[in-house]
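Got a predicted structure plus its sequence, pasted below:
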Amino acid sequence: RTFTFKVNRELGQWENTSTIYPYLSPEQKEKLLDNFKVAVQIPTVSFSESDQNITALQEFDLLLRRVFPKVFSSSLVRHEVVGNYSHLFTVAGADAGLEPYMLLAHIDVVPANEADGWDAPPFSAQEIDGFIYGRGTIDNKQSVMGILQALEYLLERGYTPRRTFYIGLGHDEEINGEEGAVKIVNLLKSRGVKLLYVLDEGLTIMDGVVDGLNEPAALIGVSEKGQTTVKLSVSTPPGHSSMPPRESSIGILASAVARLEKNRMPNLFGHGPERATFEHLAHKFGWSYRMIMSNLWLFSSLLSSVLEGQPDTNAFVRTTTAVTMFNSGVKINVMPAYAEAFVNFRIHSSQTVQEVLNLIESTVSDKRVKVEFINGFDPLPISSYEDDTFGYQIIKKSVQDIFPQVTVTPGICVANTDSRHYTQLSPDIYRFAPSWYKPGDSARFHGVNERISIQNYEEIVLFYFQLMQNSDVRNLPTLRS
Ligand SMILES: CCCCCCCC/C=C\CCCCCCCC(=O)N[C@@H](CCCCN)C(=O)O
Ligand SMILES: [Zn+2]
Ligand SMILES: [Zn+2]
């Protein structure tokens, strides 16, 4: 098989849309950092589907109104509160004939506990060595604040968009988005809105994460994995611990769970959009890897075994298995009557929920273990990333404008986002925010020491600033043949 390398669209002539140069003055840098820190300091935590910090969500609403006065007063912007704490902004374009697009982000964060080993309190937004530490700094207040800050600066500088766009800020993404994203989608559907493209949180700029790839790469998520959760349970007669049976309910369940962890789901490298990721990156690898990369499918088993060696790259190549809850036992000297475990699977693009359930059954293969389907959905459709795909090319151009040293390539988002609720509004949904992701950073998502560099936050504001202007082109440039 030979590779086709995509011709860079920047070789074509881009339409001029009276661009406001992406620049931040020292005063603006100071202000945007202050705004971002306050946003991180408000603990907008989603604890569970029935427990959110409502006071914090209300405080966040007031913050947005206070720090983005132009956004909230401009005659071009319509603001609506949806589901009590989510926000929908409609920014009116001058040309009603152009199809609108939409930017998404979420306000809520997962819980954080300083005692887990944070270097700074998780809602302090403390600055250490040029980084702001805090829950939400990369998931996903950098996008919430970055988008609105960019719009504020554009409005300050007299910007009037040509193409209408929407901004949707969900307040419950971390607990499924039923009150936020789902209600925003229903509202837009009732208005007959169709979107040219949607951009949400997701993949990032990977730097030094893949062995042999010496340059940074911006991975635009063109799909996201599906997921399913199953409950495994075992019931055995209770009794005195001085006369235990050969196997306890805990032991039987532990063996089943261990079988699932040991027998991972198949490595499906090359069967989903991750194939395109490596095709686009092949020529960027160091010389020792280049032979492997340029004969990718000849060497795919070698490459896929390298990828499955790390948790983040492993998530790229297979359906992952995560045992997340395990409960049993009531007293030291009582044999437990019942043991249960929850296992969360993130489904590779080339598999379905049903196929994963079948594999679970055959791996557990013990009639004493009850396997119950809790919930799940198939992997999301794959958005287009062709040379003539407007959304993908506009995102790519905006990345290249702000990060000229970065290669842009399609990827697959390993986690889920609010954008999965938008499939009826647009076929082209992308998951990406330009935060830098370096070795070790995977542990910061939902983990300890979540942080972003001050410089990176400024780059994010400029990226959205550029994206809003680039989206105003009527058509993509024609490629030279
Ligand atoms: C070739 C390199 C491959 C590297 C691939 C891995 C890179 C991972 C980089 C970033 C991952 C960031 C994911 C950000 C989105 C997080 C969204 C999130 O947390 N979603 C939740 C939704 C929960 C909804 C309630 N069930 C989730 O998926 O759990
Ligand atoms: Zn998120
Ligand atoms: Zn998250």
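Now that the structure is in, tell me what you want to look at. From a predicted model like this one, the values you see are computed outputs, not experimental measurements. Ligands and ions are numbered 1, 2, ... in the order given.

Same question for stretch 334-343: list its buried residues.
M335, P336, Y338, A339, E340, A341, F342, V343 (16 or more other CB atoms under 10 Å). For the C-beta atoms, the positions are set from N, CA and C on the backbone; glycine is no exception.

do that stretch and ligand 1 meet at all?
No. Applying CB under 6 Å from any ligand atom, one finds stretch 334-343 separated from ligand 1 by no less than 12.2 Å.

related to what we said a few turns ago, show me which pair in the buried residues of stretch 334-343 is furthest apart.
Maximum pairwise distance among the buried residues of stretch 334-343 (CB to CB): 23.9 Å, between M335 and V343.

now K231, what's its secondary structure?
strand (DSSP: H, G, I helix; E, B strand; the rest coil).

Around it, count how many other residues there are.
The number of residues packed near K231 is 14, by other CB atoms under 10 Å.

tell me the contacts of the closest residue to ligand 2 within the stretch 151-300 of the chain?
Going by CB to the ion, ligand 2 is nearest to E201 of the stretch 151-300 of the chain, at 4.9 Å. Listed by CB atoms under 8 Å, 6 or more residues apart in numbering, the contact set of E201 reads L104, A105, H106, D139, N140, S143, T417, R431, F432, A433.

can you put those in a markdown table and add distance to A254?
Formatted as a markdown table, these follow (distance: CB to CB, whole Å):
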| residue | distance to A254 |
| --- | --- |
| L104 | 40 |
| A105 | 40 |
| H106 | 36 |
| D139 | 32 |
| N140 | 36 |
| S143 | 40 |
| T417 | 33 |
| R431 | 36 |
| F432 | 39 |
| A433 | 39 |
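
which ones among the residues you listed come in contact with ligand 2?
Contacts with ligand 2 within the contacts of E201, counted by CB under 5 Å from the ion: D139, N140.

Can you pick out the most distant pair from the contacts of E201?
Counting by CB to CB, the most remote pair of those is H106 and F432, 14.6 Å apart.

now the contacts of E201 in CSV, with neighbour count, secondary structure and distance to V40?
Shown next, in CSV, are those (neighbours: other CB atoms under 10 Å; DSSP: H, G, I helix; E, B strand; the rest coil; distance: CB to CB, whole Å):
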residue, neighbour count, secondary structure, distance to V40
L104, 30, strand, 19
A105, 26, strand, 14
H106, 28, strand, 14
D139, 22, coil, 11
N140, 27, coil, 11
S143, 26, helix, 13
T417, 25, coil, 20
R431, 30, strand, 22
F432, 26, strand, 21
A433, 24, strand, 15
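
tell me which of the contacts of E201 is nearest to L281?
F432 (15.6 Å).

Setting aside sequence neighbours, what's the nearest residue to L88?
E80 (4.7 Å; CB to CB, 6 or more residues apart in numbering).

cool, and S48?
I175 (6.8 Å).

where does that neighbour sit relative to ligand 1, distance-wise?
For I175, the distance to ligand 1 (CB to the nearest ligand atom, to the nearest Å) stands at 6 Å.

Repeat that for L199.
Where ligand 1 is concerned, L199 sits at a distance of 13 Å (CB to the nearest ligand atom).
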